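Student: Mind looking at a prediction? Sequence and model below.
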Amino acid sequence: MAGSNEINLSESKMVVPLNTWILISNFKLAYNMLRRPDGTFNRHLAEFLDRKVPANANPVDGVFSFDVVIDRGTSLLSRIYRPAGADGGVPSIADLEKPVGSDIVPVIIFFHGGSFAHSSANSAIYDTLCRRLVGNCKAVVVSVNYRRAPEDRYPCAYVDGWAALKWVSSRPWLQSPKDSKVHIYLAGDSSGGNIAHNVALRAVESGIEVLGNILLNPMFGGETRTESEKRLDAKYFVTVQDRDWYWKAFLPEGEDRDHPACNPFGPRGISLEGVKFPRSLVAVAGLDLVQDWQLAYAEGLKRAGQEVNLLYLEKATIGFYLLPNNDHFYTVMDEISNFVSSNC
Amino acid sequence: MGPYNSSVSAGSSSGSSSSCSGKPADPIDGLLAGAGYRVRSSELRQVAQRLARLENVMVNAPTEVSHLANDAVHYNPSDLASWVDSLLSELHQPEIAPDPSTFSDLNYIAHTQAGPVLVNPMVSHRELSAGTEIEEDSGIRLVHVLMTCAESVHRGELSLAASLIEELQGLLTSVDGERGIGKVAGYFIDALSRRVFAPPSPPSLAVSAFENTVLYHHFYEACPYLKFAHFTANQAILEAFDGHDCVHVIDFNLMHGLQWPALIQALALRPGGPPLLRLTGIGPPSPDGHDSLREIGLRLAELARSVNVRFAFRGVAASRLDDVKPWMLQVNPKEVIAVNSIMQLHKLLGSDPSRGSPIDPVLEWIRNLNPKIVMVVEQEANHNQPEFLDRFTEALHYYSTMFDSLEAYSAPLEKSLAEIHIQREICNVVCCEGLARVERHEPLDKWRDRLGGAGFTSLHLGSNAFKQASMLLTLFSAEGYCVEENEGCLTLGWHSRPLIAASAWQAMPVLQHPLPLINHRQNVI
């Protein structure tokens, strides 16, 4: 495997811009140091290395942000991003939770990625992504700082997601004036995509309506080794071994990857037939080794009669949506924008 | 301390051109900057090569990986090039010459640096009381009127402000004044009313030094901010003193000397034995001939004696830091000096950035002492803005967060006293002007510019200091405190809002000061 590493590095350098390569390789190396073979995680070093940004009530490029406490008991924070007023002025404290303006305002509850273990709502890469989503979709974005593995395994992240959903749906200031309802979308990348799916599942039969799910390179898996995992192992920043580590860190001790949280349409999955599940936009990167599981997910939704819009980006790698320097980024942003406006 | 003191950007956070040198700056990649990393566009290829090299080494030697994680100290991850280089050195991999042929320029969209980000960070939004909707609405109304009142004060419409204050006092009765927005608003309404109704001469000057130290002591106990400051400073000072036998700490505000027992004990235990430690404690003159500085010095001397550390103490009484003259410190050319300033430097700032302020001569004499380390801990807030309304708004956010963090502290009497300590600060920020306004807090970025411009270079606080500070926090039951790394400095905050920033500095050698800043990697002057 050692000699072929050089080849793998060359491969990955050819398919992404230089600064993207640097960013993702940096994460890869840092994360390698943080995962310990015994399943524990070097959380202090992780927090030290993670680049974070504070919330900023001064609008920057038309977007301002502030943090809220959703659940004091679990210290569950979320960062709220809103479009600045027409005058672009700094909102006063009283204005932070001013009722949303136009007829219909989508509210996107965003779950950041990081394979359930890394990153936070205030990580710079995710702060930047959420700001872009606000501008792109004319939406309010609520980025949830869910609890992470391995300290807080399944189902903590889902519990936090559910708490955020309930909170958002009960804010009067997030209701769209047109129908006095909160127009909610769940979104996430990598583990965040997985969380979005599971929170939507929880929301079924709850009376809280989720208008759509947006899953970017969602994290799913299973016990069998799929063809894409074998073919793409270690080729584009990700290895099967690290995927296994993260599932082991997230799933309950003793569980395997056919647990329904990991493999929703696998041998232990539940059927979604006849269930009022939100329509889904699923973006899959053609160079992501987990794609077979993601495609199986989309298939599973279709088979259950659910509405799915599958976006397969053949030449994209993981993290393509982090920097706006490639076509896939713009394609996905357009699709998300259409998805969120088409159904309001 | 950090092997790479990347002072090239002169502490300017935006990565824009260094204000000190004459040559145009090398732009940094704007997209990576948005992700929190500073990499010069011209160095992207080199950095990528080094990353690839590091990866190959790590793949070939997995045991080295655990060494990097557990033993190596990491510094300033934002400076990606330096970080990778330091890891390569840890693994004994020499630098390689850049090879331009290895990468393709696929779809590379060049970006120049991002503009400066206005950081006027809002605090974690306070959860209005958990009670009924009525109470939630009262809280919102309260904040609305409070801001309107501040605006009227800002515009000089004092009679309007006065009537709004009455309205506010009425509104206060319909919210829970013991916690949350009610409590914070109460303090700000009080401060506003002092400003509007009280005579021009501010009451805070009449406060006794004794009262101050009592309140300070309770603030010290009730929340971790001061402990973090002391702890982080001591770690850095200890490192700076490594290998030296004559050391001298100059403490800009001795108070009860709470910071020093830990340092004395750490020095006692250091391998190779303790140095001779001199401590010079600066503090306000005691009333009626009573020498409190000396008393504290005696107690510390006793502690030092009990752990066999040779120790000498000197007290310097001064009401203001700029009254201190270097000769009073009696520094010895053979000793290694640490200057320790915990929430003191901001008191020397003026409000007009274009005119000199009292801090400039002070920074100059500090620099002339040629200290091995200058520890600076300051409130991470922008309370020195020229416009009243901006200061008021910023303070409301800042102190809301701070009060919120205190809420978890269980001892009610002690908590009240700690709150009064904070209230004093609030009053000073809101009510006072001119010389009387001493709480002129400025954020880290401004301190970086100021200290960089005064001839100091940053010493990075690393992952070891970060880890120890984080572990200190777990001693507190309140979950919600967070330590963050900020380009070589550490901040402590509550609910992802940094409130206190700690940074370490060293004087740049005098010879190089007037020249453009040196780039450590390219060795170009």
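Tutor: Great, that's in hand. It should be emphasised that the depicted structure is a prediction, and the values quoted were computed from it without experimental measurement.
Student: what does the stretch 401-525 of chain B have sitting close to chain A?
Tutor: B:463, B:466-467, B:470-471, B:479-480, B:482-485, B:495-498 (Cβ under 8 Å from any Cβ of the partner chain). Glycine gets a C-beta too; all of them are placed from N, C-alpha and C.
Student: Name the member of these that has the highest neighbour count.
Tutor: B:Arg497 (28 neighbours; other Cβ atoms under 10 Å in any protein chain shown).
Student: where along chain A do the helices fall?
Tutor: A:2-15, A:18-34, A:43-49, A:124-137, A:156-169, A:191-203, A:227-232, A:240-250, A:291-303, A:327-341 (DSSP state H).
Student: pLDDT averaged over stretch B:181-195 - what is it?
Tutor: Taken as a whole, stretch B:181-195 has an average pLDDT of 91.
Student: go on, stretch A:311-331?
Tutor: 96.
Student: Then stretch B:138-146?
Tutor: Stretch B:138-146 comes out at a mean pLDDT of 87.
Student: now swap in stretch A:281-288 and tell me
Tutor: Averaging pLDDT residue by residue across stretch A:281-288 gives 98.
Student: ok now that stretch, how far from the chain's centre?
Tutor: Offset of stretch A:281-288 from its chain centre (Cα atoms, centre = their mean, to the nearest Å): 13 Å.
Student: mind listing what the closest residue to A:Phe329 other than its chain neighbours touches?
Tutor: Among residues not flanking A:Phe329 along the chain, A:Tyr321 sits closest, at 5.6 Å (Cβ to Cβ, 6 or more residues apart in numbering or on different chains). Shown in contact with A:Tyr321 (Cβ atoms under 8 Å, 6 or more residues apart in numbering or on different chains): A:Leu129, A:Asp189, A:Leu216, A:Ala283, A:His328, A:Phe329, A:Val332, A:Met333.
Student: thought the second one was touching A:His118?
Tutor: No - at 11.9 Å, A:Asp189 does not count as touching A:His118 under the criterion of Cβ atoms under 8 Å.
Student: So for the two, which residue has more residues nearby?
Tutor: A:Asp189 (29 against 23).
Student: Okay, that one and A:Val332: tell me how far apart.
Tutor: Counting by Cβ to Cβ, to the nearest Å, the gap from A:Asp189 to A:Val332 is 10 Å.
Student: burial measure for A:Phe64, as a count.
Tutor: 26.
Student: Would you mind giving me the confidence score for it?
Tutor: Note on A:Phe64: pLDDT of 95.
Student: Same question for B:Ser286.
Tutor: pLDDT at B:Ser286 comes out at 83.
Student: Next: B:Ala436.
Tutor: For B:Ala436, pLDDT reads 88.
Student: can you pull the contacts of the residue of the stretch 51-200 of chain A found nearest chain B?
Tutor: Evaluated by Cβ to the nearest Cβ, the stretch 51-200 of chain A has A:Arg51 as its residue closest to chain B, separated by 2.5 Å. With contact taken as Cβ under 8 Å, 6+ apart, A:Arg51 is in contact with A:Ser123, A:Ala124, A:Ile125, B:Ala35, B:Gly36, B:Tyr37, B:Pro77, B:Ser78.
Student: Then A:Ser92?
Tutor: Per Cβ under 8 Å, 6+ apart, neighbours of A:Ser92: B:Met147, B:Thr393.
Student: Work out for me the element B:Phe231 sits within.
Tutor: helix B:225-240 (DSSP states H and E).
Student: Quick one: list the elements packing against the next helix or strand after that helix.
Tutor: For helix B:225-240, the following helix or strand on the C-terminal side (DSSP H and E) is strand B:246-251. For strand B:246-251, the packing partners by 3 or more Cβ pairs under 8 Å, 6 or more residues apart in numbering or on different chains; DSSP states H and E come out as helix B:260-269, strand B:276-283, strand B:336-342.
Student: between these, which one is nearest to B:Ser152?
Tutor: Smallest distance to B:Ser152 across the helices and strands packed on strand B:246-251 (Cβ to Cβ): 36.2 Å, for strand B:336-342.
Student: Out of the helices and strands packed on strand B:246-251, which is closest to chain A?
Tutor: helix B:260-269 (20.5 Å).
Student: rewinding a little: next, the angle strand B:246-251 makes with the helix holding B:Phe231.
Tutor: 160 degrees (axes from the mean of the first three to the mean of the last three Cα atoms, to 10 degrees).
Student: list the residues that contact both of A:Asp189 and A:Val332?
Tutor: In contact with both A:Asp189 and A:Val332: A:Leu216, A:Tyr321, using Cβ under 8 Å, 6+ apart.
Student: Just give the number of residues close to B:Asp137.
Tutor: 13.
Student: before we move on, what about B:Phe210?
Tutor: Neighbours of B:Phe210 (other Cβ under 10 Å): 12.
Student: That one belongs to a strand?
Tutor: No - assigned with DSSP: H, G, I helix; E, B strand; the rest coil, B:Phe210 falls outside any strand and is helix.
Student: Would you quantify the distance from it to chain A?
Tutor: 36 Å (Cβ to the nearest Cβ, to the nearest Å).
Student: Tell me the predicted confidence for that residue.
Tutor: 76.
Student: what does B:Ser351 give?
Tutor: 71.
Student: My read is that it contacts B:Glu387, right?
Tutor: No - B:Ser351 is not in contact with B:Glu387 according to Cβ under 8 Å; the separation is 10.4 Å.
Student: So the two - more neighbours on which side?
Tutor: The neighbour count for B:Ser351 versus B:Glu387, taken as other Cβ under 10 Å, is higher for B:Ser351 (14 against 9).
Student: Reformat the contacts of A:Tyr321 into TSV and put distance to A:Phe66 next to each item.
Tutor: What follows is these, written out as TSV (distance: Cβ to Cβ, whole Å):
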residue	distance to A:Phe66
A:Leu129	17
A:Asp189	23
A:Leu216	25
A:Ala283	29
A:His328	31
A:Phe329	27
A:Val332	27
A:Met333	24
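Student: Run through the neighbouring helices and strands of the lowest-mean-pLDDT helix or strand in chain A.
Tutor: Sorted by mean pLDDT, DSSP states H and E, the helices and strands of chain A end with helix A:2-15, the least confident at a mean of 78. Here helix A:2-15 touches helix A:18-34, helix B:44-60, going by 3+ Cβ pairs under 8 Å, 6+ apart.
Student: Can you say which of those helices is nearest to B:Ala150?
Tutor: Closest among these, using Cβ to Cβ: helix A:18-34, at 42.4 Å.
Student: relative orientation of the closest one and helix A:2-15 in degrees?
Tutor: Using the same axes, to 10 degrees: helix A:18-34 against helix A:2-15 is 140 degrees.
Student: now helix A:18-34, how far from the centre of its chain.
Tutor: So, by Cα atoms, centre = their mean, the centroid of helix A:18-34 is 19 Å from its chain's centroid.
Student: ok, is that helix in contact with chain B or not?
Tutor: Yes - residues of helix A:18-34 contacting chain B under Cβ under 8 Å from any Cβ: A:18-19, A:21-23, A:25-26, A:28-30, A:32-34.
Student: Weed out the non-buried ones from those residues.
Tutor: Buried by 16 or more other Cβ atoms under 10 Å in any protein chain shown: A:18-19, A:21-23, A:25-26, A:28-30, A:32-34, out of these.
Student: hang on, the earlier thing: which of the helices of chain A comes out lowest on mean pLDDT?
Tutor: helix A:2-15 (a mean of 78).
Student: residue contacts, the residue of chain B found nearest chain A?
Tutor: Nearest residue of chain B to chain A: B:Gly36, at 2.5 Å (Cβ to the nearest Cβ). The contact partners of B:Gly36, by Cβ under 8 Å, 6+ apart, come to A:Arg51, A:Lys52, A:Val53, A:Ser123, A:Ala124, A:Ile125, B:Ser78.
Student: How many residues are close by the second one?
Tutor: The tally of other residues near A:Lys52 (other Cβ under 10 Å) stands at 21.
Student: Please identify the nearest residue in space to it, excluding sequence neighbours.
Tutor: Here the residue nearest A:Lys52, using Cβ to Cβ, 6+ apart, is A:Asn122, at 4.7 Å.
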